[in-house]
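In: Structure here, sequence nowhere to be found:
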């Protein structure tokens with residue numbers, strides 16, 4: 001067991017507890033818990049056996065782990081401003097212009113599912129290990145066809161968290177739309193990730209759905225809660241199916257022995273503190289940072305060339321904190337987090353329902369995907385962040401609850 005991880009596991013929740021307000025929103029507490037789960041699991045995770053190039057767990061200083069925890073807490077601070085996305089006794093009524101926007105996003109994600117389906121079938125036929133090793137790593141290819149339609153539909157999947165939120169509202173009679181089209185559209189990123197035999201699509205879907213449910217449950221009367229739970233029984237059944245498929249992909253990718261399978265599961269969320277510590281130690285010593293174009297190519301377009309990342313500490317999961325640190329060190333990381341906090345706190349002040357829902361979708365997308373890495377740290381992701389912020393502002397003047 002790592003003594004550094006144990007110390008962080010003790011101090012991390014204590015610090016979170018003393019952050020105001022004391023009565024934190026349920027969805028805020030859940031998002032905190034998924035990061036805390038990473039810290040807890042890291043205690044029982046022998047990273048040097050799973051990732052051979054990493055050093056022994058005893059070689060990681062307490063300081064690097066505490067720094068990781070402090071940066072996570074700083075990053076989570078905007079979540080204290082989360083509030084219920086809807087009044088459960090009202091219905092979301094959109095203006096014609098805003099409904100056109102929603103329809104474009106919904107039908108775009110719906111068509112994306114149909115477009116990805118043949119590639120998903122092909123990927124399952126090849127098997128997870130062959131897809132991940134032979135196709136993606138050795139051949140540096142893709143199961144998805146090279147086409148402008150692939151680019152288009154992958155772009156639509158970036159808005160998937162917003163579709164999941166709308167599907168939840170639709171499921172509970174808070175938003176009127178065809179539930180079958182909206183439900184299938186909400187699966188678009190799962191189908192996208194399955195084409196690469198990746199597991200993150202399932203994790204994102206389950207986590208986002210849980211966060212939205214916790215957000216709404218804070219104001220739902222007990223009688224209505226029972227009705228919602230009954231309606232959502234098939235959603236929880238779907239989640240069980242998701243977990244079975246997730247286990248199947250994990251078993252194919254880590255099938256050599258039971259130890260590999262166990263590390264393949266626990267390491268998915270337990271390697272993050274070690275990856276940050278590894279980057280912190282190596283980059284502090286050699287001063288080999290990536291620069292701003294690494295995760296923010298939209299503000300540095302002349303230097304957005306693809307980086308060759310060959311070492312394990314460069315591409316393993318380390319949360320978005322590791323990606324921000326790798327730009328230019330600790331000072332730059334803190335500046336980015338402070339700027340991010342300011343932007344998030346501003347857009348969460350949006351009083352208009354759809355504008356707030358869009359802002360909320362962006363923020364939970366950022367934090368849930370950020371448990372692994374800064375998934376929005378590419379040209380498409382940067383554009384998506386700007387688009388969501390602008391959308392939350394633009395639609396705000398054209399929507400009301402009745």
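Out: Everything's here; your move. Computed from a predicted model, the values in this text were never measured in an experiment.

In: Contacts only, for residue 155.
Out: The contact partners of residue 155, taken as C-beta atoms under 8 Å, 6 or more residues apart in numbering, are residue 380. In this view, the C-beta of every residue, glycine as well, is placed from N, C-alpha and C.

In: let's see 10 Å
Out: The neighbours of residue 155, taking C-beta atoms under 10 Å, 6 or more residues apart in numbering as the test, are 108, 112, 380, 383-384, 387.

In: Need phi/psi at it.
Out: phi -60, psi -40 (degrees, to the nearest 10).

In: Which ones among the contacts of residue 155 map onto helices?
Out: 108, 112, 380, 383-384, 387 (DSSP state H).

In: now those as a markdown table including distance to residue 361, neighbour count and pLDDT?
Out: Formatted as a markdown table, those follow (distance: C-beta to C-beta, whole Å; neighbours: other C-beta atoms under 10 Å; pLDDT from 0 to 100):
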| residue | distance to residue 361 | neighbour count | pLDDT |
| --- | --- | --- | --- |
| 108 | 15 | 18 | 96 |
| 112 | 17 | 26 | 95 |
| 380 | 16 | 15 | 89 |
| 383 | 16 | 15 | 93 |
| 384 | 11 | 18 | 94 |
| 387 | 12 | 15 | 94 |
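
In: Among the residues you listed, which one lies nearest to residue 25?
Out: Among those, residue 384 lies closest to residue 25 (C-beta to C-beta), at 24.5 Å.

In: Hmm, residue 57 is touching residue 274, no?
Out: Yes. With contacts counted by C-beta atoms under 10 Å, residue 57 reaches residue 274, the gap being 7.5 Å.

In: Show me the common contact partners of these two, please.
Out: By C-beta under 10 Å, 6+ apart, the residues touching both residue 57 and residue 274 are 2, 4-5, 42, 45-48.

In: Name the member of those residues with the most neighbours.
Out: residue 42 (29 neighbours; other C-beta atoms under 10 Å).

In: who's in contact with that residue?
Out: Residue 42 makes contacts with 1-2, 4-6, 8-9, 57, 60, 65, 68, 266-267, 269-274, 277, as judged by C-beta under 10 Å, 6+ apart.

In: With residue 120 instead?
Out: Residue 120 neighbours (C-beta under 10 Å, 6+ apart): 113, 143-144, 190-197.

In: rerun at 8 Å
Out: Per C-beta under 8 Å, 6+ apart, neighbours of residue 120: 191, 194-195.

In: Equivalent analysis for residue 41, please.
Out: With C-beta under 8 Å, 6+ apart, residue 41 has these contacts: 266, 269-270.

In: Tell me which of the contacts of residue 120 fall in helices.
Out: Going by DSSP H, the helices hold 191, 194 from the contacts of residue 120.

In: Tell me the one of the contacts of residue 120 nearest residue 127?
Out: Nearest to residue 127 among the contacts of residue 120, with distances taken as C-beta to C-beta, is residue 194, at 12.6 Å.

In: on that earlier part again, quick one: which of residue 57 and residue 274 has more around it?
Out: Between residue 57 and residue 274, counted using other C-beta under 10 Å, residue 274 has the larger neighbour count: 31 against 20.

In: just to revisit the earlier point, for the contacts of residue 120, give me TSV that also has pLDDT.
Out: TSV is the format used below for the contacts of residue 120 (pLDDT from 0 to 100):
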residue	pLDDT
191	91
194	86
195	84
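
In: Drop anything exposed from the contacts of residue 120.
Out: Among the contacts of residue 120, those classed as buried by 16 or more other C-beta atoms under 10 Å are 191, 194-195.

In: Does residue 8 touch residue 70 like I think?
Out: No. Counting by C-beta atoms under 8 Å, residue 8 stays clear of residue 70, with 9.6 Å between them.

In: quick check, nearest of the ones in helices among the contacts of residue 155 to residue 36?
Out: residue 384 (27.3 Å).

In: Verify the contact between that closest one and residue 159 for me.
Out: Yes. Counting by C-beta under 8 Å, residue 384 does reach residue 159; the two are 7.4 Å apart.

In: okay, now the domains of this structure?
Out: What automatic domain parsing lists as the domains of the chain is 1-81+272-402, 91-256.

In: Between the ones you listed, which has the poorest mean confidence score?
Out: Across those, domain 91-256 has the smallest mean pLDDT, namely a mean of 78.
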